[in-house]
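Asker: sequence and predicted model, in that order:
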Amino acid sequence: MPTIYKICPASAWREAERQGVYRGSADDKRDGYIHFSTAAQVPGTAAKYFSGQQGLFLVAVDADALGAALRWEPARGGDLFPHLYGDLDVGAVLSIVDLTQRADGSHVIPELAP
């Protein structure tokens, strides 16, 4: 089972848990899909888009559970990134981890399943 990852504010994720679905960030809504990263892409995503932000969760998702709504498309540096065209059902979530922030604003990325 391939695992993909979403970095999001803890408050947004708690709201998704109440609703049963995550509908995406403002950036996701603007682009028309929910942005995800592979395990190898998480450090770059965290550094580029979330540096200096506190109160973040790293949400691990079962990619197979998302079906045809999940597409792999070229993005940063030509790498294929997972994009979900639809809402994320919280039932597809495998785990949630707090992202700890270092003094320099970067985040401690845990060891991730591919």
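Answerer: The structure has been received and is ready for your questions.
Asker: list the residues that contact the closest residue to Gly32 other than its chain neighbours.
Answerer: Distance criterion CB to CB, 6 or more residues apart in numbering; nearest residue to Gly32, sequence neighbours excluded, is Tyr85 at 7.1 Å. For glycine as for every other residue, the C-beta is placed from the backbone atoms N, C-alpha and C. Tyr85 makes contact with Gly32, Tyr33, Ala69, Leu70, Arg71, according to CB atoms under 8 Å, 6 or more residues apart in numbering.
Asker: same check on Asp28?
Answerer: Applying CB under 8 Å, 6+ apart to Asp28 gives the contacts Ile34, His35.
Asker: what does Asp98 give?
Answerer: When contacts are counted by CB under 8 Å, 6+ apart, Asp98 touches Ala10, Leu56, Phe57, Leu58.
Asker: kindly recompute the last result at 10 Å.
Answerer: Going by CB atoms under 10 Å, 6 or more residues apart in numbering, Asp98 touches Ala10, Gly55, Leu56, Phe57, Leu58, His107, Val108, Pro110.
Asker: got a pLDDT number for it?
Answerer: Here the pLDDT value assigned to Asp98 is 95.
Asker: list the neighbouring strands of the strand or helix carrying it plus their orientation.
Answerer: Asp98 is part of strand 93-101, with elements assigned from DSSP states H and E. In the sheet, strand 93-101 lines up against strand 56-62 (antiparallel), strand 107-108 (antiparallel) (DSSP bridges).
Asker: just for the protein, where's the confidence low?
Answerer: Judged by pLDDT under 70, the chain has its weakly predicted residues at 1.
Asker: and the strand holding Asp98, how far out from the chain's middle?
Answerer: On the basis of CA atoms, centre = their mean, to the nearest Å, strand 93-101 sits 10 Å off its chain's mean C-alpha point.
Asker: same question, stretch 54-70
Answerer: On CA atoms, centre = their mean, the centre of stretch 54-70 falls 6 Å from that of its chain.
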